[in-house]
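Student: Next one to model:
(chains A and B)
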Amino acid sequence: MSTTLPAHLPAHEGEHRDPLGAKMGMWLFLLTELILFGGAFLLYAAYRARFAADFHYASTLLNPLIGGVNTLVLLTSSLTMVLSIAALERGLRRPAVLFLGATIGLGLTFLVVKACEWSGKIGHGLFPGSTELVERTAGENIFFGLYYGMTGLHALHVVIGLGLLIWMFALIARRPRVRVTLPAPAGESVRLATAGGRALWSDAVGAEAAAIEVSVVYERHDELLAGNLPRLDNTGLYWHLVDIIWIFLFPLLYLIT
Amino acid sequence: MAGAMGGAVPVDAGFFQTQGKRTGLLAWILSTDHKRIGILYLVSMLAFFAVGVALGLLMRLELIAPGRTIVAAGTYNALFTVHGVIMIFLIVIPGVPAVLGNFFLPIHIGARDVAFPKLNLLSWYCFVGGALLAVASLFTGGGAPDTGWTFYVPYSVRTSTNVTLAVFAAFILGFSSILTGLNFVTTTHRLRAKGMGWFRMPLFVWSLYATAWIQLLATPVLAITLILVMLERMFNLGLFDPGRGGDPLLYQHLFWIYSHPAVYIMILPAMGVVSEIIPTFARKKIFGYKAIAFSSLAIAFLGYLVWGHHMFTSGISDSSRIIFSLLTFLVAVPSGVKVFNWVATLYKGSIRVEPPLLFIFTFIFLFSIGGLTGLMQGSLAIDVHIHDTAFIVGHFHYVMFGGTIFGLLAGLLYWFPKMFGRMYNRKTIQIAWAFLFVGFNVLYFPMLVLGWQGMPRRYYDYLPQFHGLHTLSTVGSWILVAGLVIFVVHLIRATRRGEPAGMNPWGGTTLEWTIPSPPPQVNFVTLPEVTAGPYEHGGDEGRGGRRGPGEHHDRGGPEGARA
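Tutor: Below is the predicted model of the structure:
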């Protein structure tokens, strides 16, 4: 007797798949994110034009080394993100999962560095409304208002991005699994073989067995592709957005001295 | 649902019939069917509209006589703030796209659903969540917000009232708006049926498409503005605090960069409804299809460049005031293109003034008053005189209520038989219309006069010489509400007791009239293939003279079918 396992995992019922449409939706969403930060950059532009000298001075109070390290961390995380997608495109699940894990680790590193930087600044009394800042010039007040507002909003996006990455990690790390129940061919033997005829396993079935349940954990490239690639692609796009925003924040805040 | 009730003639329940594994309320609030989501929006919007109307009535009641009448000054401030927040963010912005757009966009382009059905449901949850927060801001925290719906700094940062919650509510509602826009743009690009070229789409789809782009491109600016207000209140950033170098005027710029395009989010879909209804009841192909389609895009584009006209008296430079004034007048061009094309469609048409068309005529009349008073404000010298007066209040109610809401009501009347499979009583709706039309003008026209005479907006008290017109306006609010009650109560009754409407009661030619009323859960069993434009009413456009009503029924959609 021969039973063929389903070639595809059961698709989500009635779900309409349109990877190109999904990507288009993501790009549109990224556009809205850019405009969201655009509003903040607009404020930055207006105030920097008004308080150019103060901004230059205030910028010296930031540590470009810490900012630079974080830039490196975030850029590397974008690289590992791309590698993860590239691996999944080729159907290589394990490297995809590893690179995704690396991306998550780098994202967390960014947040930790950011938190240390912030707490250092707050320790020196440089935070909005502090007695230290109130005595300084208007431009410095505005600069630190923008610094906390913009990097804070960016950090929030890193957190959201990490949430997406962890969700994707859970989706990809889980292997597809199929369970089939066969009527027991009493007294005969059961053989499990690939479609090509290569024997994987065989055993005799005792007379008392009523049914045999076979649970197969298997990896199929096209399944991984169909289900998770568009999602991972979109997660990657979002992660690159987080990266790109930082690429603009870093020079505007740290390197204008 | 619809078929099972009352002693009325049953109609097939269509998508109202629950087919999934869930039943009852869950089958609705967890449904990703665009038609059910449209109905969800309709029902929830109706509830919040009632709250907004009640607040408006209270304001008018306070203004019935000089001095304190029923509420104190602070309460009055809260009333106009929450009235504004509810009406703008919950009703006129999402109104037409979320209800009629959700229901008919996929059907109009021959699709089974929107591109992202789950995201669509999430939009509704954001809408309801934001709406509940907005209403909750009335009763919690330091008291109802009293800043006006514009949340101008520095007052919105300093007031002890519940501004943070109200601002957060508006932020969530903006998120809902963005997700809907994203969904509609993708749907229009990806899911058009075979043969449904861009210039075969109904004009309603064009207007939704233009609107969706504004939602995508403008709402994020509001989002960052609202985030900054929240950060100011919670963490004292000082970005808008003049005491620490901040500039409150930058808030106004950011706010209106969103909020002026938002005006076109409100009006464009209503204009799309007009473009659907007029050809059907004139039995003619629309005049100037491409001109109407592109004027939607032109309005969407120009809408970005005119925000400064909200700030003519705020101290911005003369040169920018002149430029913004000029650009403001330019918006009148594409708007005029639309109105002339509608009128040209009616010209020599075989016109039947059914209730939807009656409301469209009202739309054009009221919107023209709103538009012309808008031009007055666009000119710098006059605006200095009428800025922040009741004239402005009158103007934007003519545009928003007379325009958008009447467009929404017309659309509801037009598509009601399709959505619920039943027809309302035309006489009752005409009576409701009379109340609405008279009440509307008695309510808002005195505001134009009062403002011209110098009555400021947002004041709970006034000088004795304004008494007469204020009382007249308050009486108008009662007539208007009577009309709304008749309208809504009758339509709710008609969902159960109306006569079966059949597949195509108006003789419409777009795709929704080729499927049963109400539509089945799967819009199209086999996806349609489109071979002609959306408004092909036969070859004898306008020359055949009037036809009897029976003949109209026989000349159905492209397939000529009738239930």
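Student: okay, CA-based contacts and neighbour counts for the rest of this
Tutor: OK.
Student: how much space between B:Gln453 and chain A?
Tutor: According to Cα to the nearest Cα, to the nearest Å, B:Gln453 stands 38 Å off from chain A.
Student: Count the residues that sit near that residue.
Tutor: Neighbourhood size, B:Gln453 [other Cα atoms under 10 Å in any protein chain shown]: 16.
Student: repeat for A:Glu208
Tutor: For A:Glu208, using other Cα under 10 Å, the count is 9.
Student: SS state for it?
Tutor: Three-state assignment for A:Glu208 (DSSP: H, G, I helix; E, B strand; the rest coil): coil.
Student: And the pLDDT at it?
Tutor: pLDDT for A:Glu208: 75.
Student: Now for B:Leu26: which residues touch it?
Tutor: B:Leu26 makes contact with no residue, according to Cα atoms under 8 Å, 6 or more residues apart in numbering or on different chains.
Student: Might one say that A:Ala173 is in contact with A:Val97?
Tutor: Yes - the criterion here is Cα atoms under 8 Å, and A:Ala173 meets it with A:Val97 at 6.2 Å.
Student: Buried residues, the longest helix along chain A. List them.
Tutor: Longest among the helix segments of chain A by residue count, using DSSP state H, is helix A:138-173. Buried residues in helix A:138-173, counted by 16 or more other Cα atoms under 10 Å in any protein chain shown: A:138-151, A:153-155, A:157-159, A:161-162, A:164-166, A:168-169, A:171-172.
Student: So which of the residues you listed reach chain B?
Tutor: Residues of these in contact with chain B (Cα under 8 Å from any Cα of the partner chain): A:138-139, A:141-142, A:145-146, A:148-149.
Student: could the residues you listed be laid out in CSV, adding pLDDT?
Tutor: Output for these, formatted as CSV (pLDDT from 0 to 100):
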residue, pLDDT
A:Ala138, 90
A:Gly139, 92
A:Asn141, 92
A:Ile142, 93
A:Gly145, 93
A:Leu146, 95
A:Tyr148, 95
A:Gly149, 95
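Student: Closest residue of the stretch 451-563 of chain B to chain A?
Tutor: B:Val522 (11.1 Å; Cα to the nearest Cα).
Student: need the contact list for the residue nearest to that residue when sequence neighbours are not counted.
Tutor: Leaving out its chain neighbours, the residue that sits closest to B:Val522 by Cα to Cα, 6 or more residues apart in numbering or on different chains is B:Arg112, at 6.3 Å. By Cα under 8 Å, 6+ apart, B:Arg112 lies in contact with B:106, B:522-524, B:527.
Student: Please produce a ChimeraX select command covering the buried subset of the residues you listed.
Tutor: With 16+ other Cα under 10 Å as the burial test, the buried ones among those are selected in ChimeraX as follows:
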select /B:106,523,524
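Student: hmm, back to that, help me confirm that the residue nearest to B:Val522 is found in a helix?
Tutor: No - using three-state DSSP, the secondary structure at B:Arg112 is coil, not a helix.
Student: Helices along chain A, start to end?
Tutor: A:19-50, A:52-60, A:64-89, A:93-123, A:131-134, A:138-173, A:221-254.
Student: Now the weakest link among these, please, by mean pLDDT.
Tutor: Taking the mean pLDDT of the helices of chain A, helix A:131-134 comes last: a mean of 84.
Student: now for it, which elements pack on it?
Tutor: If you count contacts as 3 or more Cα pairs under 8 Å, 6 or more residues apart in numbering or on different chains; DSSP states H and E, helix A:131-134 packs onto helix A:138-173.
Student: So what does the residue nearest to B:Val522 have for phi and psi?
Tutor: Backbone dihedrals for B:Arg112, given as degrees, to the nearest 10, come out at phi -90, psi -20.
Student: near chain B, which residues of the stretch 51-200 of chain A?
Tutor: So the stretch 51-200 of chain A meets chain B at A:128-129, A:134, A:138-139, A:141-142, A:145-146, A:148-149 (Cα under 8 Å from any Cα).
Student: and those residues, which two are the farthest apart?
Tutor: Farthest pair in these (Cα to Cα) is A:Val134 and A:Gly149. Separation: 17.3 Å.
Student: pLDDT score assigned to residue 194?
Tutor: You didn't pick a chain, so chain A it is. 74.
Student: please go with chain B instead
Tutor: If you check B:Lys194, the pLDDT there is 92.
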